[in-house]
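>>> Structure, please.
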Amino acid sequence: MKKVALASALLLTIGSAHATDSIRWNSLALSYQATDLGGELSPTSSNTNLNGVSVKATTMLDQNAFLTGEFTTNSDDEDNDSGAEKSLDYNTLSAGIGYRIPLTGQADLYSTASVMHYDIDSLNGAVENDRSDTGYGLNAGVKGILAPNVEVGVQFNFVDIGDYSDRGHELSAMYHFSNQLSAGATYESSDNIEQIGLSGIFFF
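Numbering: from 1, shown residues only. Here you go, the predicted model:
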C-alpha cells in the first residue's frame with residue numbers, strides 16, 4: 001500500500017513538473033495546412049482545395065511587446081477536364097509587431113499589426129494567371145490556459161492587400177507535452193479562406 005501511495009505521489013510530482021500554467025510567446029511552429037480557397041482569391045468560379053506548410057516565429061522584445069513573422073506555401077496540382085495540367089500555388093509572407101496585456105496569470109489579451117504579401121500563381125492548360133500584392137493585416141485575440149497543459153485561444157483577423165480585403169476569425173488549441181514541446185490545432189474561417197492546421201511548436 002505504501003509503495004502504491006509512493007508511486008502515485010511520484011507520478012503527480014512528474015505531472016506537476018511538466019504542467020504549463022502560463023502563456024509563453026517565444027516560439028517556433030511548423031504546421032501542415034489544408035486550405036479551401038474561394039471568393040476573391042480563387043482564380044476560378046469554384047473553391048480550390050490546397051495543401052501546404054507554414055513556418056511561424058514569435059519572440060518577445062520586452063515584457064509585453066513582441067515580433068512575429070510567418071511564411072506559408074500551399075499548392076494543388078491536377079489535370080483539367082481536357083487532360084491538360086492544372087495547378088495553383090498560394091504563398092504568403094508576413095512580418096509584424098504585437099503587444100500583449102496579461103489579464104490573469106493564465107490568460108493574455110493581444111493584438112498585432114503586420115506587413116503582408118501574397119502571391120497566387122495558377123496554370124490551366126496554356127493559360128497562366130499570376131497575382132501578387134502587398135498590404136497589411138490586423139489581429140486581436142485572447143488565449144489562456146483552460147486546464148493543466150491545455151491552452152486555447154480565439155483571434156479576429158482583418159487583411160487589406162491591394163484590391164483584396166478579408167475579415168474572419170481563428171480558433172486554436174494546444175497541448176503542452178513539456179516546457180519546450182507542444183502540439184496544436186487551428187481552424188480559420190473568413191470570407192475567402194477556410195483552413196485547418198496541425199502544428200508542432202518549439203518554445204525557447
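
>>> Now the helix or strand in which residue 156 is found - C-alpha only, PDB.
Per DSSP states H and E: residue 156 is located in strand 150-161. C-alpha atoms of strand 150-161 as PDB (Å, rounded to 0.1, in the frame of the first residue of the first chain):
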ATOM      1  CA  VAL A 150      -4.100  22.700 -22.300                       C
ATOM      2  CA  GLU A 151      -4.100  26.200 -24.000                       C
ATOM      3  CA  VAL A 152      -7.000  27.600 -26.100                       C
ATOM      4  CA  GLY A 153      -7.500  30.800 -28.000                       C
ATOM      5  CA  VAL A 154      -9.600  32.900 -30.300                       C
ATOM      6  CA  GLN A 155      -8.300  35.500 -32.700                       C
ATOM      7  CA  PHE A 156     -10.100  38.000 -35.000                       C
ATOM      8  CA  ASN A 157      -8.300  38.900 -38.300                       C
ATOM      9  CA  PHE A 158      -8.500  41.700 -40.900                       C
ATOM     10  CA  VAL A 159      -6.500  41.800 -44.100                       C
ATOM     11  CA  ASP A 160      -6.200  44.600 -46.700                       C
ATOM     12  CA  ILE A 161      -3.900  43.800 -49.600                       C
END
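
>>> Helix or strand next in line after that strand, which one?
Downstream of strand 150-161, the next assigned helix or strand under DSSP H and E is strand 164-176.

>>> What distance do you get for residue 63 to residue 117?
Counting by Cβ to Cβ, to the nearest Å, the gap from residue 63 to residue 117 is 30 Å. For every residue, glycine as well, the C-beta is placed using N, CA and C.

>>> the more surrounded of these two?
Shown here are residue 63 and residue 117; by other Cβ atoms under 10 Å, residue 117 has more neighbours (15 against 8).

>>> Just the element for residue 55, please.
Element membership for residue 55 (DSSP H and E) is strand 48-60.

>>> buried sites along the strand holding residue 156?
By neighbour count with 16 or more other Cβ atoms under 10 Å, strand 150-161 contains the buried residues 151-153, 155, 157, 159, 161.

>>> Turn these into a markdown table, columns for distance to residue 169 and pLDDT.
Listed next are these as a markdown table, based on distance: Cβ to Cβ, whole Å; pLDDT from 0 to 100:
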| residue | distance to residue 169 | pLDDT |
| --- | --- | --- |
| 151 | 17 | 98 |
| 152 | 13 | 98 |
| 153 | 11 | 98 |
| 155 | 7 | 98 |
| 157 | 7 | 97 |
| 159 | 12 | 96 |
| 161 | 18 | 93 |
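
>>> Would you mind giving the residues you listed as a markdown table with distance to residue 50 added?
A markdown table is the format used below for those (distance: Cβ to Cβ, whole Å):
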| residue | distance to residue 50 |
| --- | --- |
| 151 | 27 |
| 152 | 26 |
| 153 | 24 |
| 155 | 21 |
| 157 | 18 |
| 159 | 17 |
| 161 | 18 |
